[in-house]
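Visitor: Build me a model:
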Amino acid sequence: MRTTLTLLLSTALLLVAPTGAAPGAAAAAPATAAERAEAPAERAAQRAGLADRRRQVVRFTNRARRANGCAPLRQVATLNLAAQRHTKRMARARRLDHQLPGEPALGRRVTQAGYDWTRLGENIAYGYPTARSVVRAWLRSPGHRRNILDCRFRHIGVGFVMRGGTPWWTQDFGRR
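Guide: Residues are numbered from 1 along each chain as shown. Take a look at the predicted model:
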């Protein structure tokens, strides 16, 4: 039964971006032949490092939760799928948003990925090169911190995409 969608999303609409990084609002194809040639190599690197990046984000997130009296989150494949799909869409559009034009809202995205939920939350970011740096940034932002330290959440999914040299991140939090 879907009862609570933690819409800290509106307060967590990412104000967490490194200085100087500003993706455009519209999607743009790679401008040069070199950028187009880079795309397959980026995809291969993403596949190779995705599981490791997910583990790192979960580890740093759980470290903060333990320090604040919360149980650790368990990574769930269906939340990973929802987070990864959303991260890919943001990177492709070069737009940081909890709901991109034409995209379902978080609850529907997570349900479509196969996660039956009663509570959800989401953190998004871009431009942070490491799992440690993005989790630190989220912890410094009140809305994102609330999601990470919400002891009612039990599960997590992580999305990561590197596009044009810019890392894009999503954390989806859930409780069944």
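
Visitor: Check whether Arg54 really touches Trp169, as I assumed.
Guide: No. Look at Arg54 against Trp169 with Cβ atoms under 8 Å: they stay out of range, at 10.3 Å. For every residue, glycine as well, the C-beta is placed using N, CA and C.

Visitor: helices or strands up against the helix or strand that contains Gly157?
Guide: Assigned by DSSP states H and E, Gly157 falls within strand 155-163. Applying 3 or more Cβ pairs under 8 Å, 6 or more residues apart in numbering; DSSP states H and E, one finds that strand 155-163 contacts helix 33-67, strand 74-75, helix 77-93, strand 166-175.

Visitor: Just want the angle from that strand to helix 77-93.
Guide: Strand 155-163 runs at 30 degrees relative to helix 77-93, counting by axes from the mean of the first three to the mean of the last three Cα atoms, to 10 degrees.

Visitor: what's the closest of the helices and strands packed on strand 155-163 to Val158?
Guide: Nearest to Val158 among the helices and strands packed on strand 155-163 is helix 33-67; the distance by Cβ to Cβ comes to 4.2 Å.

Visitor: could you give the mean pLDDT of that closest one?
Guide: For helix 33-67, mean pLDDT rounds to 80.

Visitor: All set now, cheers.
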